[in-house]
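Undergrad: Predicted coordinates and the sequence they were generated for:
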Amino acid sequence: MEVSSIATISKAYLSSPSSDTFTHGRIKFPKWRQVLFFSTSGRSAKTLDGQDSSSIQKRRCIKVFCSQKKEIHTVSARCMDDVYEALAERLVPTASVASNPNSKYILGLAGPPGAGKSTLASEVVQRVNNLWPQNASSFDSQVEPMDVAIVLPMDGFHLYRSQLDAMEDPEEAHARRGAPWTFNPELLLTCLKNLRDQGSVYVPSFDHGIGDPVEDDIFVSLQHRVVIVEGNYLLLEEGVWEDVSSIFDEKWFIDVDIDKAMQRVLKRHISTGKAPDVARWRIEYNDRPNAELIMKSKKNADLIIKSIDFQT
């Protein structure tokens, strides 16, 4: 069986369930379905059937498991760099097969605060942009060696502080900033629809210095083929968030222990100048309840990425 990348894994390749696990290099996956070996160059693969065992150490593998109700891919590793590489190699061929050179592969990346969404999105985008020119000639002769992937953060869709001030309980609104109702999912949905329909769009960023969005600060252009939208609530099934989720071609979720995530958030709060007691109060009053809500949306993901200790 010849495959060009992780993206070629499909239901047709799945075999009977197994309770075994398998470790190759620094990546470990539960062996729930058939395992594919990938060479470090990404050019060939073989099934795990005992053949060619002498070359195993030269290859990188990813394991795919499937639940009873829905196919779910899970990635875990001792080193996040291996995960970044695997995810990038998954995306490049998937995004390049579209017949329309201006089409977009829009991916939603969700997870609780402290999961490492921004880091993962940035690292994967960087690797996709590095891989694309190496493979462009074999995928699409019209694609030039340029950045084809970009991150679209959900942070830019925070409500303005002035909008929080105008709410019935401004003090509560500011204390709960970061909860779903302190964002503008309608605007996010409009931007994603425009991106899908028109191929390009200006979106807001978020200025942490002033604490407000910056209008039209990020431009997703026609040349961008892969757009990773990262944010807390992208996989929720409530209200407009469900419509936002329906836009994505693929949905990823970073799975992390909540206590570990909250420790990361605590360090982040303190690093931005909050007193330790204020930071702890904010976590218990706002960040942890938000994280518990977000974790419930994990079931809506197509790919679950196991988080390990790394800088976020």
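TA: Structure received.

Undergrad: helix/strand/coil for Leu234?
TA: The three-state label for Leu234, taken from DSSP: H, G, I helix; E, B strand; the rest coil, comes out as coil.

Undergrad: Got the confidence number for it?
TA: Looking at Leu234, its pLDDT reads 98.

Undergrad: So that it lines up with my notes, have the first residue be 508 from now on.
TA: Done: numbering now begins at 508, and the last item shifts to Leu741.

Undergrad: Next, the residue nearest the centre of the chain: secondary structure please.
TA: Centroid check for the chain by CA atoms, centre = their mean gives Leu616 as the closest residue, at 2.9 Å. The assignment at Leu616 comes out as strand when based on three-state DSSP.

Undergrad: ok, now which ones touch it?
TA: Residues in contact with Leu616, defined by CB atoms under 8 Å, 6 or more residues apart in numbering, are 624, 627-628, 735-738, 741, 759-761. In this view, the C-beta of every residue, glycine as well, is placed from N, C-alpha and C.

Undergrad: Quick check: nearest residue in space to it, chain neighbours excluded?
TA: The shortest distance from Leu616 to any non-neighbouring residue, by CB to CB, 6 or more residues apart in numbering, is to Glu737 (4.2 Å).

Undergrad: Provide the count of other residues in contact range of His731.
TA: Each residue near His731 was counted by other CB atoms under 10 Å, and the total is 23.

Undergrad: My understanding was that it contacts Met653; is that so?
TA: No: with the criterion set as CB atoms under 8 Å, His731 and Met653 do not qualify as a contacting pair; they are 9.5 Å apart.

Undergrad: and the next element down the chain from the helix or strand that contains Pro711?
TA: Element membership of Pro711 [criterion: DSSP states H and E] is strand 708-714. Heading C-terminal from strand 708-714, the first helix or strand you meet, by DSSP H and E, is strand 719-727.

Undergrad: Show me what that following strand is packed against.
TA: Applying 3 or more CB pairs under 8 Å, 6 or more residues apart in numbering; DSSP states H and E, one finds that strand 719-727 makes contact with strand 656-660, strand 708-714.

Undergrad: deepest of those strands, which one?
TA: Of all the helices and strands packed on strand 719-727, strand 656-660 carries the top mean neighbour count, a mean of 22, counting by mean count of other CB atoms under 10 Å.

Undergrad: where in the stretch 708-819 of the chain is pLDDT low?
TA: In the predicted model of the stretch 708-819 of the chain, residues 816-819 satisfy pLDDT under 70.

Undergrad: send the alpha carbons of stretch 744-758 over as PDB?
TA: Listed in PDB are the C-alpha atoms of stretch 744-758, where the atom choice follows Å, rounded to 0.1, in the frame of the first residue of the first chain:
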ATOM      1  CA  GLU A 744     -23.300  23.100  20.200                       C
ATOM      2  CA  GLU A 745     -25.000  26.200  21.600                       C
ATOM      3  CA  GLY A 746     -26.600  28.900  19.600                       C
ATOM      4  CA  VAL A 747     -24.500  30.600  17.000                       C
ATOM      5  CA  TRP A 748     -21.400  28.600  18.100                       C
ATOM      6  CA  GLU A 749     -22.900  25.600  16.500                       C
ATOM      7  CA  ASP A 750     -23.200  27.500  13.200                       C
ATOM      8  CA  VAL A 751     -19.600  28.500  13.500                       C
ATOM      9  CA  SER A 752     -18.600  24.900  14.100                       C
ATOM     10  CA  SER A 753     -20.400  23.800  10.900                       C
ATOM     11  CA  ILE A 754     -18.100  26.000   8.800                       C
ATOM     12  CA  PHE A 755     -15.000  23.900   9.500                       C
ATOM     13  CA  ASP A 756     -13.700  21.200   7.200                       C
ATOM     14  CA  GLU A 757     -12.000  19.600  10.100                       C
ATOM     15  CA  LYS A 758     -12.200  20.000  13.900                       C
END
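
Undergrad: What residues of that stretch count as buried?
TA: Within stretch 744-758, the residues that count as buried by 16 or more other CB atoms under 10 Å are 747-748, 751-752, 754-758.

Undergrad: For the nearest residue to Leu702 once chain neighbours are set aside, give me its contacts.
TA: If the residues on either side of it in the chain are set aside, Leu702 comes closest to Val708, at 4.4 Å by CB to CB, 6+ apart. Neighbouring residues of Val708 by CB under 8 Å, 6+ apart: 698, 701-702, 726-727.

Undergrad: and with 10 Å instead?
TA: By CB atoms under 10 Å, 6 or more residues apart in numbering, the contact set of Val708 is 611, 659, 697-702, 723, 725-728, 734.

Undergrad: Can you say which of these are buried?
TA: 611, 659, 698-699, 702, 725, 727, 734.
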